[in-house]
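Q: kindly generate the corresponding structure for this input.
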Amino acid sequence: MDFLRELLLFIHLVGMAGVLGGALVQIATPPRRVTAMILHGGLTQLVSGLLLVGVLEADDVTVDHAKIGVKLAVALVIVALAWGYRSREALGDVPFFGILALTLGNVGVAVFWT
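A: Residues are numbered from 1 along each chain as shown. You can find the predicted model right below:
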């Protein structure tokens, strides 16, 4: 069970890197758009996060459900924004920086919420 948990955590972090990296490389070079890296990274985070919570629950690890609920809600908003704007040629500042800020906020919740 430990290997599965660590594998899911690895996949979860790779998804976060995809969203964050996909957004950061576009900051200085408009037009900004939702790339496949951002969309698929968000979906990877969503699925791997849900599976990770399931593995933790099955292993009788105490899970902070409020924290998980906040992270899930933020991840759903990130994926919804990425999905909704995926076909646009140019992305405005508000949705682009919204995706970036929500991603960084989700990382902050993961690290600082104890």
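
Q: so which helix or strand takes in Pro95?
A: helix 93-112 (DSSP states H and E).

Q: same question for that helix, mean pLDDT?
A: The pLDDT scores in helix 93-112 average 96.

Q: please apply the same query to stretch 1-8.
A: Mean predicted confidence for stretch 1-8 is 95.

Q: check the offset of it from the chain's centre.
A: 19 Å (Cα atoms, centre = their mean, to the nearest Å).

Q: alpha carbons of that stretch, in PDB - could you do that?
A: Provided in PDB are the C-alpha atoms of stretch 1-8 (Å, rounded to 0.1, in the frame of the first residue of the first chain):
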ATOM      1  CA  MET A   1       0.000   0.000   0.000                       C
ATOM      2  CA  ASP A   2       2.900   2.300   0.700                       C
ATOM      3  CA  PHE A   3       4.200   2.000  -2.900                       C
ATOM      4  CA  LEU A   4       0.800   2.700  -4.300                       C
ATOM      5  CA  ARG A   5       0.400   5.800  -2.100                       C
ATOM      6  CA  GLU A   6       3.900   7.100  -3.100                       C
ATOM      7  CA  LEU A   7       3.200   6.400  -6.800                       C
ATOM      8  CA  LEU A   8      -0.100   8.300  -6.700                       C
END
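
Q: any buried residues in that stretch, and which?
A: Neighbour counts using 16 or more other Cβ atoms under 10 Å place 5, 8 of stretch 1-8 among the buried residues. Where you see a C-beta, it was placed from the backbone N, CA and C, and this is true even at glycine.

Q: tell me the SS of the residue located most distally from the centre of the chain?
A: What lies farthest from the middle of the chain is Asp60; by Cα atoms, centre = their mean that is 24.8 Å. When classified by DSSP: H, G, I helix; E, B strand; the rest coil, Asp60 comes out as coil.

Q: quick one: it and Leu4, what's the gap?
A: 14 Å (Cβ to Cβ, to the nearest Å).

Q: related to what we said a few turns ago, read off the pLDDT value for the residue farthest from the centre of the chain.
A: The model's pLDDT for Asp60 equals 91.
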